[in-house]
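Participant: dropping a prediction and its sequence here:
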Amino acid sequence: MEVNIAAFLAVALFISVPTAFLIIIYVKTISAGN
């Protein structure tokens with residue numbers, strides 16, 4: 001099975017960027033709550 005590096009990076013960025021963004025908002029919300 002051939003792995004397309006460009007496609008893999010695109011999927012990784014597409015998943016990791018929004019996830020990191022949500023985690024940052026979540027942490028800021030908890031910090032503000034305290």
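Facilitator: Noted; the coordinates are in hand.

Participant: flag the shaky bits of this protein, pLDDT-wise.
Facilitator: By pLDDT under 70, the low-scoring segments of the chain are 1, 34.

Participant: where's the residue at minimal distance from the centre of it, which helix or strand?
Facilitator: Centroid-nearest residue in the chain: residue 16, 2.3 Å away (criterion: CA atoms, centre = their mean). Assigned by DSSP states H and E, residue 16 belongs to helix 5-33.

Participant: elements contacting that helix?
Facilitator: Helices and strands in packing contact with helix 5-33 are not found; criterion 3 or more CB pairs under 8 Å, 6 or more residues apart in numbering; DSSP states H and E. C-beta here means a position set from N, CA and C on the backbone, and glycine is covered the same way.

Participant: so how far is it from its chain's centroid?
Facilitator: 2 Å (CA atoms, centre = their mean, to the nearest Å).

Participant: just the buried residues of it, please?
Facilitator: The neighbour-count check on helix 5-33 (16 or more other CB atoms under 10 Å) flags nothing as buried.

Participant: any idea how far residue 31 is from the residue nearest to the centre of the chain?
Facilitator: According to CB to CB, to the nearest Å, residue 16 and residue 31 sit 22 Å apart.

Participant: repeat that for residue 12.
Facilitator: For residue 12, the distance to residue 31 - CB to CB - is 28 Å.
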